[in-house]
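Chemist: Need the 3D shape of this:
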Amino acid sequence: MSISKTIRNISLATVAFLASAMALAQPTGTPIAPEQKDKVLKDMERIITKQAYVPGVDFSKWPDLVRKHQKKIDDSKFEPQFTSVMNEALHEFGFSHIVLFSPQAADARQNRKMAGLGIRVTIEPKGLRIALVFPGTPADEVGMRPGDLILSGDGKPVKSTADLVGEAGSKVKVTVERDGKNVDFDITRRIFSTDVPESLKWVDSETAMLTIPTFDLGFKRHIVAELMVDVLKAKNLILDLRSNGGGRVDNLMYLASYFFEPTNPIGTFVNRRMADDYAKGTGLPATDAIAVAKWTTDRLHTDVPRSERFAGKVVVLVDAGTGSASEMMAAALKEKMGAKLIGSKTAGAVLASQMFPISEKFMLQFPLMDYVTIKGYRIEGNGLKVDEEAAPPKLGEKDKAISLAQKYFGG
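Modeler: Here you go, the predicted structure:
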């Protein structure tokens with residue numbers, strides 16, 4: 001059976017829910033007993049050492065990483081602390097899509113709701129740049145804006161999304177840089193919906209702009225199908241994948257079917273079976289995902305029949321929050337349709353993974369396959385470089401990325 005037929009429920013989400021998975025190591029939240037931690041640790045060891053796969057990675061060292069962090073594990077008394085420590089250990093593998101989700105974070109993903117400020121961000125050297133403020137959320141109500149650069153939370157520097165995570169009802173003082181000045185906001189976290197519908201707008205008479213916020217559980221095929229009716233009428237398309245952290249393979253391939261025929265492969269997932277076959281067939285170690293992908297004939301295809309596909313010019317808007325399935329889509333459009341990428345370098349997080357429920361209502365995300373584009377580029381750890389740089393717009397500013405796209409189209 002081909003890889004295209006077997007990965008439909010595999011997850012490619014990493015960026016969007018990483019913040020909710022990696023909770024602050026703070027003494028709050030639901031208590032966790034030593035015997036509960038032991039159950040979670042046993043499940044994690046069994047799955048990671050027996051099932052996880054990335055070419056050239058030795059997962060048997062996981063028990064050593066646990067021992068390295070054992071004191072912090074023993075000292076953690078609450079679920080957020082324990083989750084944070086375990087993700088510190090998992091992070092030492094040095095790649096994406098290996099994350100422990102707390103029960104609260106696992107529920108948030110399933111229900112597309114989470115506790116927090118109500119923002120999506122991209123990571124910059126000085127802090128976190130706000131890319132989106134969800135309507136009706138705490139961040140929206142206090143006046144935080146897209147383009148604000150978050151510098152600190154409760155006086156501590158903010159370097160990752162984990163630094164702002166907290167449970168509903170907890171308070172945080174956030175300092176942002178706006179127009180060269182620092183502005184403080186006192187915010188109380190609460191539950192908010194992460195659901196943002198797909199949308200379409202016309203930026204000029206020939207150019208449609210399709211925004212896809214996620215390929216994960218919030219992806220709505222019926223809305224995409226309705227919007228694509230108008231997209232197919234356009235001469236030019238701007239596909240906005242900024243802050244889209246990825247999602248399910250089947251949702252990615254559903255959108256891809258509007259651009260590529262089933263006989264037109266977009267890339268290769270490299271799994272353990274394929275690597276074993278490569279090693280047997282060549283006598284070489286299967287540690288290089290690119291070499292294995294080049295050797296195999298098992299490619300990733302869309303299998304959705306279409307009577308019409310988009311054949312005009314395409315620009316894809318990306319940023320550091322563009323990850324996984326979104327990076328695959330952007331790479332396929334660039335390599336196969338000559339699409340231009342505008343914005344900033346993508347996340348470089350493209351390992352196909354599985355979300356697996358484990359003991360005590362925790363959830364473990366672990367990698368099963370690497371990915372190589374049809375032209376032999378490994379996105380994991382590298383990201384996609386853009387053809388033209390464009391910073392995210394601040395509130396009231398014109399979106400430079402859209403202007404650059406129109407220039408490319410000749411507008």
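Chemist: So which residues of the stretch 251-400 of the chain form strands?
Modeler: Secondary structure of the stretch 251-400 of the chain (DSSP state E, counting those that start in this stretch): strands located at 267-270, 313-318, 340-343, 352-357, 363-373, 388-389.
Chemist: and if you look at the stretch 1-150 of the chain?
Modeler: 99-101, 113-116, 119-124, 127-133, 149-153.
Chemist: And residue 161, what's its pLDDT?
Modeler: Note for residue 161: predicted pLDDT of 68.
Chemist: same question, residue 134
Modeler: Residue 134 carries a pLDDT score of 85 in this model.
Chemist: ok, so what distance separates the closest residue to it other than its chain neighbours from residue 393?
Modeler: Residue nearest to residue 134 in three dimensions, not counting chain neighbours: residue 118, with 4.3 Å by Cβ to Cβ, 6 or more residues apart in numbering. Where C-beta positions appear, they are placed from N, C-alpha and C, glycine not excepted. With the distance defined as Cβ to Cβ, to the nearest Å, residue 118 ends up 19 Å from residue 393.
Chemist: Same question for residue 100.
Modeler: According to Cβ to Cβ, residue 100 and residue 393 sit 35 Å apart.
Chemist: tell me the contacts of the closest residue to residue 39 other than its chain neighbours?
Modeler: In this structure, residue 39 finds its nearest non-sequential neighbour in residue 359, 3.7 Å apart by Cβ to Cβ, 6+ apart. Residues counted as contacts of residue 359 (Cβ atoms under 8 Å, 6 or more residues apart in numbering) are 36, 39, 40, 42, 43.
Chemist: Flag the shaky bits of this protein, pLDDT-wise.
Modeler: 1-28, 160-162, 394-395, 411 (pLDDT under 70).
Chemist: Got the domain ranges for it?
Modeler: The record's domain parsing of the chain by automatic domain parsing lists 3-111, 115-193, 199-352+367-409.
Chemist: Any idea how far the shortest one is from the middle of the chain?
Modeler: What it means is domain 115-193. Chain-centre distance of domain 115-193: 19 Å, with Cα atoms, centre = their mean, to the nearest Å.
Chemist: still on that earlier bit, compare neighbour counts for residue 100 and residue 393 and give me the winner.
Modeler: More crowded of residue 100 and residue 393, by other Cβ atoms under 10 Å: residue 100, with 25 against 15.
Chemist: Next one: that one relative to residue 267, how far apart?
Modeler: For residue 100, the distance to residue 267 (Cβ to Cβ) stands at 28 Å.
Chemist: Break down the chain into its helices, ranges please.
Modeler: 3-6, 18-21, 34-50, 62-68, 70-75, 79-91, 103-111, 138-142, 221-231, 249-256, 272-282, 289-295, 325-337, 400-409 (DSSP state H).
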